[in-house]
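Enquirer: for reference, the sequence and a predicted model appear below.
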Amino acid sequence: MVGAMASRGFTVWLTGLSGAGKTTISLLLEEELRRRGLPVERLDGDVVRQSLCRDLGFSREDRVRNLERVTFVAKLLTRHGVAVITAFISPYREARERARREIEQEGGFVEVYVRCPLEECIRRDVKGLYARALRGEVPAFTGVSDPYEEPENPDIVVDTHRESAGESAARILLWLESRGFVHRVSGGHRHRTTSPAARRA
């Protein structure tokens, strides 16, 4: 029998370069946590930009403001016992640390560094954004013309150029189990993270 944890909410904060695989991993985590009976909400950078933060640009100030809004929403959901999964580049260390401080007032906060070399992210880029940024057509593009400040002490590091998205999601789930955020499950039901979405991204 698969069971959910009781009422303590938590936020899994996926951070990394564009193309590192954050969205794919977040979808797999959402699927598995729902299967285990947890209330789950997923906040994705592209989706949030089209709704909650469509008035913001990509300057440092607007990026920080974007994450402040995301932090506020994640904090409220965490307070009410929801498992929150966020997938944002979130390039600035200070903004991520602020998110941790705020959300930990209400529940758990798990910073996951989705690590992937810039060269591999460029190779994966089906939208051509990196190519445009390298030509100077996209200003303040993280990893090219704007810095990505790597986490100094993330809770988890997944290397998506060395493992599949399914393997990364499974390792995150194991960590969540080991810290008591979610129940362990029996071997027959363990980590079904091999859906078609489990491709490299």
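Expert: On my side now, so go ahead. Numbers count the residues shown, from 1 in each chain.

Enquirer: just checking, what packs against the lengthiest strand in the chain?
Expert: Scanning the chain for the longest strand, with DSSP state E as the assignment, gives strand 108-115. Secondary-structure packing of strand 108-115 (3 or more C-beta pairs under 8 Å, 6 or more residues apart in numbering; DSSP states H and E): strand 10-15, helix 22-35, helix 93-103, strand 156-159, helix 165-178. Every residue, glycine included, has its C-beta placed from N, CA and C.

Enquirer: out of everything not next to it in sequence, what's closest to Ala131?
Expert: Among residues not flanking Ala131 along the chain, Asp125 sits closest, at 6.9 Å (C-beta to C-beta, 6 or more residues apart in numbering).

Enquirer: show me which helix or strand of the protein is least confident by mean pLDDT.
Expert: Every helix and strand of the chain was ranked by mean pLDDT, DSSP states H and E. The lowest is helix 45-49, at a mean of 56.

Enquirer: check Thr133 and give its pLDDT.
Expert: In this structure residue 133 is Ala, not Thr. pLDDT for Ala133: 91.

Enquirer: so where is the protein shaky, pLDDT-wise?
Expert: For the chain, applying pLDDT under 70 flags the ranges 1-7, 45-60, 186-201.

Enquirer: for the residue nearest the centre of it, give the beta-bridge partners.
Expert: By C-alpha atoms, centre = their mean, the chain has its centre lying nearest to Leu14, at 2.2 Å. For Leu14, the beta-bridge partners are Ala87, Val112 (DSSP bridges).
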